[in-house]
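**Q** Here is the input, now give the coordinates:
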Amino acid sequence: MVWVSNQASTCLNVSITARSGGAAGFYPVEHAPEVWAVNHWSRAANASETAVIRLRNTSVTVNNVKGTDLLLVYDNAVIQVPDTNVSIPDGCVSVSETNATWS
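**A** Predicted coordinates:
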């Protein structure tokens, strides 16, 4: 799943090619709390897709988007975060093991 996180100051219009399924039209992504129905694009994990992000009067194209990538969109930058396998070294504690809560 591609996840688009709108950190810009206004609404985005986003399209992700549909080589591996899904719809390729442009959809609005508001600067609002993130929800599955708005921020998620269902794509195959190993597919190579292209995202087009429109912000105000500009657009940016992000190539080689994988189905498990996170796209962070700001007013002046797009950061593509690939999904990677990370192992936790012995002696370290993961957040899920601490039952941490944020306040």
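**Q** Phe26 and Val81, how far apart?
**A** 22 Å (CB to CB, to the nearest Å). Any C-beta I mention is one placed from the backbone N, CA and C, and that applies to glycine too.
**Q** and what of Ala37?
**A** When Ala37 is compared with Val81 (using CB to CB), they lie 21 Å apart.
**Q** Over to Val2?
**A** Relative to Val81, and taking CB to CB, Val2 is found at 11 Å.
**Q** Same check on Ile53?
**A** 15 Å.
**Q** just the helices in this protein please.
**A** Counting by DSSP state H, the chain has helices at residues 36-39, 95-98.
**Q** Low-confidence bits of this structure, can you list those?
**A** 85-103 (pLDDT under 70).
**Q** just to revisit the earlier point, between Val2 and Val81, what contacts are shared?
**A** Asp69, Leu70, Leu71 (CB atoms under 8 Å, 6 or more residues apart in numbering).
**Q** Leaving out chain neighbours, which residue sits closest to Pro28?
**A** Sequence neighbours aside, Cys11 is the residue nearest to Pro28 in space, at 5.3 Å (criterion: CB to CB, 6 or more residues apart in numbering).
**Q** mind listing what the one you found touches?
**A** Counting by CB under 8 Å, 6+ apart, the residues that Cys11 touches are Pro28, Val29, Glu30, His31.
**Q** Would you map the strands across this protein?
**A** Using DSSP state E, the strands of the chain run over residues 2-6, 12-16, 27-29, 40-41, 49-55, 58-65, 70-73, 78-81.
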